[in-house]
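Peer 1: This is the structure alone, sequence omitted:
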RNA sequence: GCGCCUGUAGCGCAACGGAUAGCGCAAUGGCCUCCGGAGCCAUGUGUACAGGUUCGAUUCCUGUCAGGCGCACCA
């Protein structure tokens, strides 16, 4: 009952609208119930009256008042009325709902007694989601761009799982092709160099220091390597896995492109498209009619020399994702791939799947600044800041928070010098500090102070009620993250929650002379702890009990 | 040339088409006999430009200007 008050209000609103006879179904569906930033506009706010009024040319304020007039009966029937202090039409026609203090106190009671699971929201209904991210070519260490994708993808996967989706994380491993061949040649050339041979090292070889390291290890350990590509691939993949692990980014599956090809699935997928009449031959190549699905031009899938373009295995790969039973595919890509969205969506459409079942999230680049100047990045030249360096310099918690702090679609400037200098001023510490403070309080609290029966009505200070209200917003924030496919709002929320806590802490003592009050406040900070704990966990950030 | 993203306070960024455009940093001044001062409180300037859509625009549309990125039978 308590957690579904949102549903009750939504139902009551549409019932009230119905009883007024002016049903505008499409409008009513687009109306929303929002938690306004400003508490003076209530705890829930609906724009329903304005939406309908604009369509029917009525006065929104007047319509709002008429809705409120009949709303009372609808709410009364559901038994929710005792939790609603009043409903008011404000501003240009918002219908604002003000919940009672007891409602919030009941929320706190449930939160503490049920713990983190109480916060869970079921939006996914166990729908199977495959989220694919990072998928960097295993030809060099991960860059900061990959790091950001890792942070966003991992957090997003956590949030989706928490919101009731069945989530699997996947890394698509490009373990064959030109790039890998060149990698092998690069390693071999460096090895010869180390042995004193004079070899040429072409422009298109991988120039990075790590190739030399790799070759040096082969030489020093007297390894017999038959296939340098294979060796380089294995070694670098292992390094990538290790780095991601140190960054708390985990995958359920590493999907090999090589195995995909060997399984014959690429051919199968192309046959399928052929049967459906979506491919044709021209100039000796095989083309996919992606224009029939909204792409600007058709795309080659098999080159005139008989080899596949990148698109061919990708079509097969995505078909395989669906074949494995996933209903929703989420791909995180860098901005350099945005031109690729249409053709992949076209592929999915051609295979017969709804285009909404594939979501592409473009993770904008993180520009690395050193001494205020952007660092040129190129995998080939081996000039870039690696995930490893960021981890060493800034640490996993701060860097993860940092990568998530801006909207995923926004550019991110990351000045290494500043990040290092301001480590203690990084917002992540503000949040973690709140957590550590609470742990400290709980350590000092007498066990006896935590009673079975708590009088939550003792929590009546402004800062206390505001803090509980903030706690109560957590499930709403989870919903926003799912809707926007962006963990960013969670970072904002955790900072706001910490702020509410610090303010409360500064003005009121938790451990005080009044046993009953102490007890109630201990429950309050326990609730804050549960919520911070869950929020940080979803973002993949540690919760230190001492700092 | 075509396409995508971005122009908001000194800097970095917020604001499902909503209400008085917010937050952090930096700056100035206050707050520890008391649970962790990595904290709290106070102080203020702004939507690149020109039109349009509507009850209402930072948000949507058109154009101009400025910045970033992408436009392969590469991956």
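Peer 2: Good, I have the coordinates. Bear in mind the structure is a predicted one, so any value in this text is a computation, not a measurement.
Peer 1: Quick one: residues contacting residue A:457.
Peer 2: A:101-102, A:105 (C-beta atoms under 8 Å, 6 or more residues apart in numbering). Yep, even glycine has a C-beta here, placed from its N, CA and C like the rest.
Peer 1: which among those residues gets closest to residue A:231?
Peer 2: For those, the residue nearest residue A:231 by C-beta to C-beta is residue A:105; the value is 63.3 Å.
Peer 1: Run a quick neighbour tally on that closest one.
Peer 2: When neighbours are defined as other C-beta atoms under 10 Å, residue A:105 has 23 of them.
Peer 1: can you tell me how far it sits from RNA strand B?
Peer 2: Using C-beta to the nearest atom of the strand, to the nearest Å, we find residue A:105 at a distance of 20 Å from RNA strand B.
Peer 1: Quick one: neighbours of the nearest residue to that residue once chain neighbours are set aside, just the number.
Peer 2: Of all residues not flanking residue A:105 in the chain, residue A:456 sits nearest, at 4.0 Å (C-beta to C-beta, 6 or more residues apart in numbering). Using other C-beta under 10 Å, residue A:456 has 21 neighbouring residues.
Peer 1: hang on, isn't residue A:456 packed against residue A:109?
Peer 2: Yes. With contact defined as C-beta atoms under 8 Å, residue A:456 reaches residue A:109; the gap is 6.1 Å.
Peer 1: what residues are shared contacts of these two?
Peer 2: Joint contacts of residue A:456 and residue A:109 (C-beta under 8 Å, 6+ apart) are residue A:523.
Peer 1: Which strand or helix spans residue A:95?
Peer 2: Using DSSP states H and E, residue A:95 maps to strand A:94-99.
Peer 1: Just checking, which helix or strand of chain A averages the lowest pLDDT?
Peer 2: helix A:25-30 (a mean of 56; mean pLDDT, DSSP states H and E).
Peer 1: mind checking how far residue A:319 is from residue A:541?
Peer 2: Separation of residue A:319 from residue A:541 (C-beta to C-beta, to the nearest Å) stands at 36 Å.
Peer 1: tell me the mean pLDDT for the strand holding residue A:95?
Peer 2: Here strand A:94-99 scores 91 as its mean pLDDT.
Peer 1: next one: stretch A:36-44
Peer 2: What stretch A:36-44 shows for mean pLDDT is 84.
Peer 1: Report the distance from it to the chain centre.
Peer 2: 26 Å (C-alpha atoms, centre = their mean, to the nearest Å).
Peer 1: For that stretch, measure first residue to last.
Peer 2: One end of stretch A:36-44 to the other measures 7 Å (C-alpha to C-alpha, to the nearest Å).
Peer 1: Show me which residues of that stretch are buried.
Peer 2: When burial is assessed from 16 or more other C-beta atoms under 10 Å, stretch A:36-44 yields the following buried residues: A:41-44.
Peer 1: Those residues of the stretch 351-500 of chain A touching RNA strand B, which are they?
Peer 2: By C-beta under 7 Å from any atom of the strand, the part of the stretch 351-500 of chain A that sits against RNA strand B consists of A:364, A:406-407, A:409-413, A:424-425, A:427, A:429-430, A:433, A:436-437, A:439-441, A:444, A:492, A:495, A:499.
Peer 1: Quickly note the distance from the residue nearest to residue A:105 to residue A:230.
Peer 2: For residue A:456 relative to residue A:230 (C-beta to C-beta), the value is 64 Å.
Peer 1: Check residue A:314 too.
Peer 2: Counting by C-beta to C-beta - residue A:314 and residue A:230 are separated by 23 Å.
Peer 1: For these two, work out which one has more neighbours and name it.
Peer 2: Per other C-beta under 10 Å, whichever of residue A:314 and residue A:230 has more neighbours is residue A:314, with 22 against 15.
Peer 1: Just want the residue of chain A that's nearest RNA strand B.
Peer 2: residue A:91 (2.7 Å; C-beta to the nearest atom of the strand).
Peer 1: Isn't residue A:258 up against residue A:176?
Peer 2: Yes. Counting by C-beta under 8 Å, residue A:176 is a contact partner of residue A:258 at 4.5 Å.
Peer 1: returning to that earlier point: list buried residues within the residues of the stretch 351-500 of chain A next to RNA strand B.
Peer 2: If we count by 16+ other C-beta under 10 Å, those have these buried: A:364, A:406, A:412, A:427, A:429-430, A:433, A:436-437, A:439, A:441, A:495.
Peer 1: Identify those among those residues that sit within strands.
Peer 2: Cross-referencing those with the strands (criterion: DSSP state E) gives residue A:412 as the overlap.
Peer 1: Throw the buried ones among the residues of the stretch 351-500 of chain A next to RNA strand B into JSON lines and include pLDDT, thanks.
Peer 2: Formatted as JSON lines, those follow (pLDDT from 0 to 100):
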{"residue": "A:364", "pLDDT": "82"}
{"residue": "A:406", "pLDDT": "83"}
{"residue": "A:412", "pLDDT": "78"}
{"residue": "A:427", "pLDDT": "82"}
{"residue": "A:429", "pLDDT": "86"}
{"residue": "A:430", "pLDDT": "89"}
{"residue": "A:433", "pLDDT": "91"}
{"residue": "A:436", "pLDDT": "94"}
{"residue": "A:437", "pLDDT": "94"}
{"residue": "A:439", "pLDDT": "95"}
{"residue": "A:441", "pLDDT": "94"}
{"residue": "A:495", "pLDDT": "89"}
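Peer 1: Pick out the most distant pair among the buried ones among the residues of the stretch 351-500 of chain A next to RNA strand B.
Peer 2: Greatest spatial distance in these: A:364 and A:441, 39.6 Å, computed using C-beta to C-beta.
Peer 1: Comparing residue A:258 and residue A:176, which shows the higher neighbour count?
Peer 2: More crowded of residue A:258 and residue A:176, by other C-beta under 10 Å: residue A:176, with 19 against 15.
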